[in-house]
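Trainee: What shape does this take:
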Amino acid sequence: MTLDEMLAVVTFNDDGLVPAIAQDVDNGDVLMMAWMNAESLRRTLTEGRMVYWSRSRQELWRKGDTSGDHQTVREAYYDCDGDTLLFKVTQHGGGACHTGNRTCFFRAFDVSVADAGAPSAG
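Mentor: Modelled structure (predicted):
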């Protein structure tokens, strides 16, 4: 599949963006979710390093240019609808999250509270 064919299977939203999930290739941890536009996806696939679209800055964001905590692409997937991307990456440096944590998903809901409010089956 050519690069143009790969880009053609992706369904971008009305803002020209698609969600991209970065997952640790070694242990399966979900590291982060960010957005990509066609150019950031093109650069990610050609450079082998994660490049996102910063919605707040309205510019390409090459992960790690400032922090040094970059991500090397090992595998790349798109879902059945082509509207979500999954990248299995090697995380270099301290972590994927701007807070300094290894993953952006370090906070949890208390699902026991949610279960307590759910109607019982019966």
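Trainee: quick one, helices of this structure?
Mentor: For the chain, the helices defined by DSSP state H occupy 3-8, 38-47, 111-117.
Trainee: Point out where the protein drops to low pLDDT.
Mentor: Along the chain, the model assigns pLDDT under 70 to residues 114-122.
Trainee: Now with 90, please.
Mentor: Scanning the chain with the threshold set as pLDDT under 90 gives 1, 64-68, 94, 98-100, 111-122.
Trainee: quick one: the residue most central in space within it and Met50, what's the gap?
Mentor: Central residue of the chain (C-alpha atoms, centre = their mean): Ile21, 2.4 Å from the mean position. For Ile21, the distance to Met50 (C-beta to C-beta, to the nearest Å) stands at 11 Å. Where you see a C-beta, it was placed from the backbone N, CA and C, and this is true even at glycine.
Trainee: Next: Val10.
Mentor: From Val10 to Met50 the distance is 16 Å (C-beta to C-beta).
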